[in-house]
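Quick one, fold the following:
(3 chains)
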Amino acid sequence: MSDHERMAGGSNLPEGQIELSEEYRERLLLAQRTDAEINAAVLRPMMETGPKFWIIVTTLVAIILWGLYAWGYMIYWGMGTAGINNPVYWGLFIATFIFWVGISHAGTMISAVLRIFKADWRRPITRGAEAMTAFALLMAGLYPFIHLGRVWKFYWMLPYPNNRFMWPNFQSPLMWDMVAIFTYLLGSSLYLYLVLIPDLAMARDHTVGWRYKLYRTLALGWRGTEGEWHKLHRALNIFSVIIIPVFLSVHSIVAWDFAVTIQPRWHSSILAPYFIMGAVYSRLAALATILVIVRKSMRLEEFLRREHFDALGKLVLVAGLGWIYFWFAGFIVEWYGNDPVIRELIHDEVTGKLAPLFWLQMTANILPVIFLAFRKIRTNLKWLLGLTLLINVGMYTERVLIVVGNLQRNYLPFDWGTYKPTWVEISIVAMTFAGFILLYTLFSRIVPYVPVWEIKEGRLRYSLRRIGRLWVPTAAEID
Amino acid sequence: MAKAARTSAEQKQEEKNRRWGMVIDLDRCTGCQACVVACHAENNVPVVGEQEAARGHSMHWIRIERYWEGEYPNVKARFMPVLCQHCGEAPCEPVCPVFATYHTPEGLNAQVYNRCIGTRFCGSACPYKVRSFNWFRPDFPEPLDQQLNPDVSVRQRGIIEKCSFCVQRIRRAELDADASGREVEDGEVQPACVQSCPPSALIFGDLNDPESEASQLARSRRAFRLLDFLGTDPAVVYLKGGETNV
Amino acid sequence: MEDTMNLMGLFRDSTETAQVLDSLYELGMLDRQVTVMTGVPYPERSLGRHVEWLQLPNIVLAGALVGFFLGLFLAVITPHLYRLDIGGHPIVGFPPAAVITFVFTMMATIVSTFVGVLWEMNFPEFSPKYYDKRVTDGYLVVLVEHNHSEESLVRKIFEQHGCDSIHIPERQPL
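Numbering: from 1, shown residues only, chains lettered A, B, ... in the order given. So this is what the prediction gives:
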């Protein structure tokens, strides 16, 4: 009898308990599938790509090429081809930058934080979340280049001894940005890759041709010896612990881009935690969106089950409540203080020209919180998809309002301005969205999307046990 | 990489302990915009045209802010020239990632055009919004290109620029004074705007020299500074007009 | 020195595998002669092998220190190298220096963890090794390097504990 057959309680169960235990067994994958079948189920979507896949890829590549053209156009003719002006020096580019940095926190939350808390439901979704992090950071990392007036001189921001005898200014939040995002990108990519190695070995063992060559190179000769597992585990533990302060600091640093200036409504100490909370909210929602879509398109229904979406939905709910709290905590202080410029800014945002965006933001962020309180909705995937998309629309609007709305009104009323994005900005923003989706789609087809070894490891922990008249699943306390 | 000590020029500046500043008498300002034009001419600032100005891309280093007070027929216009205040505690300086803007020992907020990579962080951080950005390639249609000032570089697209208190004129005056073996006299240095103001509403001088006209006016009862409560320590002092509540 | 040969046995059960290993140790096999390959990480001492001491934590610590000093250098020393005064702030302030030092420490820790773990595992290694593809299908593979004379003993131990298949492995390119 193999390990998991024994854990499943064998076949000597009393009549009335068979259905219940069947449900548990299905949930925990106990004895439902052998390891070989799991491998095959995960590898199958990687091998089969239908025409829909290629249509999507072509469309995305077209959008990206158009965006690259727009970027080249902007570099050649100048930043004035975008909608930014005096005084709104920063516009859609920086807003999207913050949005992507926010989205990028998904992986850390799921794979690092939940790993430390030993929450087992994270197992099938960690790789999808980590991939989200890496690709969102890649897209975010484009924006510091895109919004530079003289992008060809970007290397002056790199700290290395040079013949100009000049070092960059480390007091500038943009330098912290650069370093922090690079660190986070490095960390999450390396983490993603390390966890991937055993699964690449599995893929190597089951494929032929160019795939075999690819996985063989990437698997680095992994065999699964005890020493290798032990070292991998150690490294993953260290990574999980290290990446948490990194991700907290990255988004705080991005928030400090704004909070260290004396621009009204930017200069507030709550901006950093507010941004982090907003990021948690939007990234978990984005993760849920992506998981619903991937589950359908890659037919991973048995790995991404209702209870995963239920748990994820609960996290989104908590994050949403947290966001509402932080937004209100900032808002009440500003409203009560009655500083004339801030009062004008709030008035402009709530009832003035920006009002449609503001109310869109509030509805799109608060309404889902109410709905997600119900389990029926959390586990109904269509509703979950719609609600989480709405959340991300709301969070994107919030970023735009913070960057653009607060630059439009200044201390001297003569300097007030307006902002309207042009085709250049919209094309470039669309390019990064298309880039993210394309990278993610290609990733999910080239690499096993579900972390197979982690699922099998999880299976090792569970068994069915009898308590009184019930057979219940029990989890072992192994690491 | 040399451990660069202070250059001798900077050492001299430190010894002199100057603080260049400007006094703007709002009682005299008529809003004629001569200073704006003179600044454009002196500093090779391109004119962007009506359409771009409507989009917010105008590049005036000094602008006349006009506020209307009252209802018709009792309307009054108040004029206030606003230029870079050369703040002692400038919020724009720490935020530049490449040190393109820094504070000279003689009190100028310097902008190094060649170093700027165009992040526009300084523009967002400035509370007076006096920093202009080169949104496009500068355009000097003929024969304006014959009129460019050789003492000032022409900036390419993607660079932030702003009032420099006509630092080229300050340097010229200092060089002349050095060559003649004397000190720079009060009133010898006149930025373009100061030189061209018909009612002499702008006065430029050393605020640290108690004898200079600028510092004497700065101590007047009518003196105030723009957005003083922010703590930026501007070097531009305004004198209230007769009825002004600015 | 007698010639050594290798035997590979495939098992499905962790308890049986642990018993196999116990029996092999009773026979007098050394740790380095026995290799266990699994597709799933089993808890550290469950198969009866001793846990090897890792250099990884030391590598990580060293990396963190390097990063700390690099960040400190960049944040505190470089502003003095070509001095440019910034209005309103000292040349070196505590908050920016703290941020930069922290981030560089983290960066170096991450890089040293990754490089350290690869170095300790001797990756990448593409030379042909003893392996069986069925490891990833859920088998526990026990690979024993032993003298020719012990072959029948090892085979008996394998068969006694429900081995699914025994064979003499060949080096495969991985």
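
in chain C, which spans are helices?
C:14-27, C:56-72, C:78-81, C:94-120, C:151-160 (DSSP state H).

for the stretch 151-300 of chain A, same thing?
With DSSP state H, counting those that start in this stretch as the criterion, the stretch 151-300 of chain A has helices at A:173-206, A:210-219, A:226-259, A:271-297.

can you tell if the second one touches chain C?
The reference is to helix A:210-219. Yes: Helix A:210-219 reaches chain C (CB under 8 Å from any CB of the partner chain) through A:216-217, A:219. (Glycine included, C-beta is placed from N, CA and C.)

Do you have the strands of chain B handy? List them.
B:20-25, B:63-69, B:76-82, B:101-103, B:109-111, B:132-133, B:160-161, B:202-206, B:223-224, B:236-239 (DSSP state E).

and the fourth one, anywhere near chain C?
If I follow you right, that is strand B:101-103. Yes: judged by CB under 8 Å from any CB, strand B:101-103 comes into contact with chain C at B:102-103.

Let me see the mean pLDDT of that strand.
The average pLDDT for strand B:101-103 rounds to 92.

Then the first one?
Averaging pLDDT along strand B:20-25 yields 95.

Sheet partners, orientation included, of that strand?
Neighbouring strands of strand B:20-25 in its sheet, by DSSP bridges, are strand B:202-206 (antiparallel), strand B:236-239 (parallel).

count of neighbours near residue A:421?
Counted with other CB atoms under 10 Å in any protein chain shown, residues neighbouring residue A:421 total 18.

Would you mind confirming that it makes contact with residue A:91?
Yes: if you go by CB atoms under 8 Å, residue A:421 and residue A:91 touch, sitting 6.4 Å apart.

any residues in contact with both of these two?
A:82-83 (CB atoms under 8 Å, 6 or more residues apart in numbering or on different chains).

picking up where we left off before, want to try TSV for the helices of chain C, with mean pLDDT, mean neighbour count and distance to residue B:39 as columns?
Listed next are the helices of chain C as TSV, based on pLDDT from 0 to 100; neighbours: other CB atoms under 10 Å in any protein chain shown; distance: least, CB to CB, whole Å:
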stretch	mean pLDDT	mean neighbour count	distance to residue B:39
helix C:14-27	85	18	82
helix C:56-72	94	17	43
helix C:78-81	88	17	33
helix C:94-120	94	21	34
helix C:151-160	84	16	92
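
okay, and for chain B, where does confidence drop off?
Applying pLDDT under 70 to chain B flags residues B:1-10, B:13, B:242-246.

Ranking helices and strands of chain A by mean pLDDT, which lands last?
Sorted by mean pLDDT, DSSP states H and E, the helices and strands of chain A end with helix A:3-7, the least confident at a mean of 55.

Residue B:193: neighbour count?
So residue B:193, with other CB under 10 Å, has 27 neighbours.

wait, residue B:164
21.

Would you mind giving me the ChimeraX syntax to select the buried ones in the residues of helix A:210-219 next to chain C?
The buried residues among the residues of helix A:210-219 next to chain C can be selected in ChimeraX (16 or more other CB atoms under 10 Å in any protein chain shown) with this line:
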select /A:216,219
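
what's the closest of the residues of helix A:210-219 next to chain C to residue A:45?
residue A:219 (19.7 Å; CB to CB).

Pretty sure that closest one sits against residue C:174.
Yes: contact between residue A:219 and residue C:174 holds when scored by CB under 8 Å: they sit 7.3 Å apart.

Find residues that contact each of the two.
residue A:204.

and whichever helix in chain B runs longest with strand B:202-206, angle?
When chain B is parsed with DSSP H, its longest helix is helix B:167-180. Using axes from the mean of the first three to the mean of the last three CA atoms, to 10 degrees, the direction of helix B:167-180 lies 50 degrees away from that of strand B:202-206.

hang on, the earlier thing: nearest to residue A:255, out of the helices of chain C?
helix C:94-120 (12.3 Å).

Next, the angle from that closest one to helix A:226-259.
Inter-element angle recorded for helix C:94-120 and helix A:226-259: 160 degrees (by the same axes, to 10 degrees).

got the angle between helix C:94-120 and helix C:56-72?
Going by the same axes, to 10 degrees, helix C:94-120 makes 150 degrees with helix C:56-72.

Is helix C:94-120 positioned near chain A?
Yes: interface with chain A: helix C:94-120 contributes C:96-97, C:99-100, C:102-104, C:106-107, C:109-111, C:113-114, C:116-118, C:120 (CB under 8 Å from any CB).

Now the residue of chain B positioned farthest from its centre, what are its backbone angles?
Distance from the C-alpha centroid of chain B peaks at residue B:73, with 35.4 Å (CA atoms, centre = their mean). Per-residue torsions, residue B:73: phi -90, psi 10 (degrees, to the nearest 10).

residues contacting the nearest residue to residue B:104 once chain neighbours are set aside?
Of all residues not flanking residue B:104 in the chain, residue B:110 sits nearest, at 5.2 Å (CB to CB, 6 or more residues apart in numbering or on different chains). Residues near residue B:110 by CB under 8 Å, 6+ apart: B:101-104, B:164, B:167.

what about 7 Å?
Residue B:110 makes contact with B:101-102, B:104, according to CB atoms under 7 Å, 6 or more residues apart in numbering or on different chains.

can you check residue A:250 too?
Residue A:250 is in contact with A:101, A:180-181, A:184, counting by CB under 7 Å, 6+ apart.

So the helix or strand where residue A:460 lies, near chain C or not?
Element membership for residue A:460, per DSSP states H and E: helix A:452-461. Yes: if you take CB under 7 Å from any CB of the partner chain as the test, helix A:452-461 does meet chain C, through A:453, A:456-457, A:460.

and which of those residues is nearest to chain C?
residue A:456 (4.3 Å; CB to the nearest CB).

surely that closest one meets residue C:40?
Yes: at 4.3 Å, residue A:456 and residue C:40 qualify as touching, with contact defined as CB atoms under 7 Å.

Which one of the helices of chain C lies nearest to chain B?
helix C:78-81 (5.9 Å).

how is chain C carved up into domains?
Domain ranges of chain C: C:4-40+C:138-172, C:56-120, per automatic domain parsing.

Of these, which is nearest residue A:435?
Across the domains of chain C, closest to residue A:435 is domain C:56-120 (CB to CB), at 24.3 Å.

And residue A:227, how close does it get to residue C:44?
Distance, residue A:227 to residue C:44, by CB to CB, to the nearest Å: 11 Å.

my bad, residue C:154
25 Å.

For the residue of chain C found nearest chain B, give me the backbone phi and psi.
As assessed by CB to the nearest CB, chain B sits closest to residue C:88 within chain C, at 3.2 Å. Per-residue torsions, residue C:88: phi 90, psi -10 (degrees, to the nearest 10).

Local confidence estimate at residue A:170?
Predicted confidence (pLDDT) for residue A:170: 92.

and the residue most central in space within chain C, what does it touch?
Nearest residue to the geometric centre of chain C (CA atoms, centre = their mean): residue C:121, 4.5 Å. With contacts defined as CB under 7 Å, 6+ apart, residue C:121 is in contact with A:228, A:231.

returning to what we had before: dump the residues of helix A:210-219 next to chain C into CSV; add pLDDT as well.
Shown next, in CSV, are those (pLDDT from 0 to 100):
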residue, pLDDT
A:216, 88
A:217, 88
A:219, 87
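
would you turn the residues of helix A:210-219 next to chain C into TSV with distance to residue C:74?
Converted to TSV, the residues of helix A:210-219 next to chain C look like this (distance: CB to CB, whole Å):
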residue	distance to residue C:74
A:216	40
A:217	35
A:219	37
